[in-house]
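Engineer: sequence-free structure coming up:
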DNA sequence: TTGAAAGCGCTACCAA
DNA sequence: TTGGTAGCGCTTTCAA
């Protein structure tokens, strides 16, 4: 007969403690935790009360190690400072909750090295899968993970052909919606402001706006910027002010809210009456777009939905590895009309 | 003699594979990974090249389980949508990087249940410690974690006496800086806008502003709001507009940038000339505070520093459990002067 | 339905 | 400096 050694005061309870207290075997406790249906109600109750009274919490490392697969999923966002990605994170979490999965968040902060770092971290932590809102750049790292058997789903980026799923928003449609809205306001001298153009999203937004203008028989000028920031918008604003008033556009499609905000700020100070003389639209529906002096008409992306969709694709891939078909889901953006584009009735 | 079975095609390499390929023992590989100094250079090289050629990545779960303690630290933020907390996260990460630790991020999104969820998640994941920017409410959960041996450091919240460390910003000083700035601008009819007052930070900001006004022999009126949002600011703005112009304040200390932004928006539309007729300050230095039409004078909190400081305190507690002394570090905010408060020269 | 026991991949110890 | 080996806490067979 072995003498039971009392647990040292500050050791957290483990499954064996629960088993001992409940007078059952280790395996039974495990079953109560994981597959309660396989345990007789009376036994289950005993075990559950032992768990409660001990305050037992299963050790994720041990569980992951023994099971050979983790239950956590990672979400790596390119820029959590952008509320769009935070919305996506919320969507991922909400959907993960439904499946009792937890989400680990990583903010790569527009830095490829940090993205790689998080990807590796999640791999080492035996994440079941990863949702990645990638840096607009090389994807080698993500492919490497796939080759090691980690499921990866892209969000805000198309799926990799037959390698992985993706969830994107129809950027071209977004550009089109913005331009069509300006045309409906009677604007005919349109300018698209955005850049750099090697940002895929910016290019697509421009193409959509272009197509809408072309369809209406109206020309659309392009002003490229070096970034999508307020500062770049301020610069564009002063350039516009430097022009003859008669030659200025009466409608601007900006590729981001920050850009639009800078332009608005600059033009208002320069005496341009917005929205009387000029209508402008932003893009992203960033939180601050509603909070500015002149609430910005903008194109909103369904971030929460996108995150949820991505998580659902990931779960399908995880749960049905054999039957899963990779796909890229395209969600429509929507125009949100505020005061920056509509002349008061 | 045992027959070596070839690895199945898609099994990730484990330490034993590395050991076999390098012709050394398991323990040596472990030493190369963890304490390279204890390994002869020639041996180390052999092992390192085996690791590289196999693409070996250590399994965190196994490592954590065997070592009995994790290397990850968790950061739970009350609201990542607020750039202040994102800055804190950046500070935590930067400081963690220096110690080769990785940070898991959780966004409790101003929801006590989600905060509890993340705390439990990190506990289960065997985090070495946790930095918590808590929901302004009961801390029972955090105390429970401490009792289980998990080190917790608060940020944006004072330390729990002799239980844990904390890093806070001097909110009272912030309120004072804002009010003193308005006084320097010659403002004499001051109002503090903010609420609800059971938010500790808001109360302290008010007290600081109050004290500054008192010191100057000026009165400061309080307008409480139900939230720190743009919407609440708009409401305050219309209330002010409803007053006789002569009875209106000429200086406003708002308890948040969002609030200030709403007030500005409302007053500008109502024909008030800011900053000629009225100076206003925000609080938080949120990202959008610089991007609004009228860039907001505001009080900025040293988020990155605070996060770094918190991580340093956590590391000290982790590394020197016996000699560690709990403390609450108070960092000063700083006034950032922009156009909303200063009349053009 | 329950119990017993074999690992999961790694760290940490001790012996060589 | 290196090798051998006993666990870490759990899941998962397989028997009972």
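Structural biologist: On my side now, so go ahead. The shown structure was predicted, so the numbers you read here are calculated from the model rather than taken from an experiment.
Engineer: State the helix or strand in which the residue nearest the centre of chain A lies.
Structural biologist: By Cα atoms, centre = their mean, chain A has its centre lying nearest to residue A:88, at 3.1 Å. Using DSSP states H and E, the element containing residue A:88 is helix A:83-98.
Engineer: same question for the helix or strand following that helix, mean pLDDT?
Structural biologist: Scanning forward in sequence from helix A:83-98 by DSSP H and E, the next helix or strand is strand A:103-107. Averaging pLDDT along strand A:103-107 gives 90.
Engineer: Show me what strand A:103-107 is packed against.
Structural biologist: Packing partners of strand A:103-107 (3 or more Cβ pairs under 8 Å, 6 or more residues apart in numbering or on different chains; DSSP states H and E): strand A:73-77, helix A:83-98, helix A:112-124, helix B:83-98, strand B:103-107. In this view, the C-beta of every residue, glycine as well, is placed from N, C-alpha and C.
Engineer: near chain B, which residues of the stretch 101-250 of chain A show up?
Structural biologist: A:102, A:104-107, A:109, A:117, A:120-121, A:123-126, A:148-149, A:230 (Cβ under 8 Å from any Cβ of the partner chain).
Engineer: list the contacts for residue A:255?
Structural biologist: A:192, A:193, A:194, A:195, A:201, A:202, A:205, A:206, A:225, A:228, A:283 (Cβ atoms under 8 Å, 6 or more residues apart in numbering or on different chains).
Engineer: Narrow those to those in strands?
Structural biologist: Using DSSP state E, the members of the contacts of residue A:255 that fall in strands are A:192, A:193, A:194.
Engineer: ok, residue A:222 to DNA strand D distance?
Structural biologist: Plainly put, residue A:222 is 56 Å away from DNA strand D if you go by Cβ to the nearest atom of the strand, to the nearest Å.
Engineer: right, and the helix or strand after the helix or strand harbouring that residue?
Structural biologist: Assigning secondary structure by DSSP H and E places residue A:222 in strand A:220-224. Where DSSP H and E defines the elements, the next helix or strand beyond strand A:220-224 is helix A:230-242.
Engineer: For the next helix or strand after that following helix, which helices and strands make contact with it?
Structural biologist: Sequence-wise, the next helix or strand downstream of helix A:230-242 (DSSP H and E) is strand A:251-254. Packing partners of strand A:251-254 (3+ Cβ pairs under 8 Å, 6+ apart): helix A:171-184, strand A:190-194, helix A:257-269, strand A:279-281.
Engineer: Try it again at 6 Å.
Structural biologist: helix A:171-184, strand A:190-194, strand A:279-281 (3 or more Cβ pairs under 6 Å, 6 or more residues apart in numbering or on different chains; DSSP states H and E).
Engineer: which residues touch stretch A:131-144?
Structural biologist: A:75-78, A:85, A:92, A:112, A:115-116, A:119, A:152-157, A:199, A:310 (Cβ atoms under 6 Å, 6 or more residues apart in numbering or on different chains).
Engineer: PyMOL command to pick out the buried ones of these?
Structural biologist: Entered in PyMOL, the line below selects the buried ones among the contacts of stretch A:131-144, by 16 or more other Cβ atoms under 10 Å in any protein chain shown:
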select buried, chain A and resi 75+76+77+78+85+92+115+116+119+152+153+154+155+156+157+310
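Engineer: still on that earlier bit, and which of the contacts of residue A:255 is nearest to DNA strand C?
Structural biologist: The shortest approach to DNA strand C among those belongs to residue A:201, at 38.9 Å (Cβ to the nearest atom of the strand).
Engineer: separation between the closest one and residue A:168?
Structural biologist: 9 Å (Cβ to Cβ, to the nearest Å).
Engineer: got it, and residue A:237?
Structural biologist: 31 Å.
Engineer: next one: residue A:100
Structural biologist: Counting by Cβ to Cβ, the gap from residue A:100 to residue A:168 is 28 Å.
Engineer: So for the two, which sits in the more crowded spot?
Structural biologist: Between residue A:100 and residue A:168, counting by other Cβ atoms under 10 Å in any protein chain shown, residue A:168 is the more crowded of the two (20 against 7).
Engineer: hang on, that one packs against residue A:155?
Structural biologist: No: with contacts defined as Cβ atoms under 6 Å, residue A:168 does not count as touching residue A:155, sitting 8.0 Å away.
Engineer: need the contact list for the closest residue to DNA strand D within the stretch 151-300 of chain A.
Structural biologist: Nearest to DNA strand D, among the residues of the stretch 151-300 of chain A, is residue A:151, at 17.3 Å (Cβ to the nearest atom of the strand). Taking Cβ under 6 Å, 6+ apart, we find residue A:151 in contact with A:129, A:317, A:318.
Engineer: now do 7 Å
Structural biologist: Neighbouring residues of residue A:151 by Cβ atoms under 7 Å, 6 or more residues apart in numbering or on different chains: A:129, A:314, A:317, A:318.
Engineer: That one: what's its closest spatial neighbour, skipping adjacent residues?
Structural biologist: Once flanking residues are discounted, residue A:151 sits nearest to residue A:129: 3.9 Å by Cβ to Cβ, 6 or more residues apart in numbering or on different chains.
Engineer: pretty sure that neighbour contacts residue A:72?
Structural biologist: No: here residue A:129 does not reach residue A:72: they are 9.0 Å apart, not a contact under Cβ atoms under 7 Å.
Engineer: Counting neighbours, what do you get for the residue nearest to residue A:259 when sequence neighbours are not counted?
Structural biologist: Excluding its sequence neighbours, the residue lying closest to residue A:259 (Cβ to Cβ, 6+ apart) is residue A:233, at 4.3 Å. Applying other Cβ under 10 Å, we find 29 residues neighbouring residue A:233.
Engineer: Since that was my last question, I'll sign off now.
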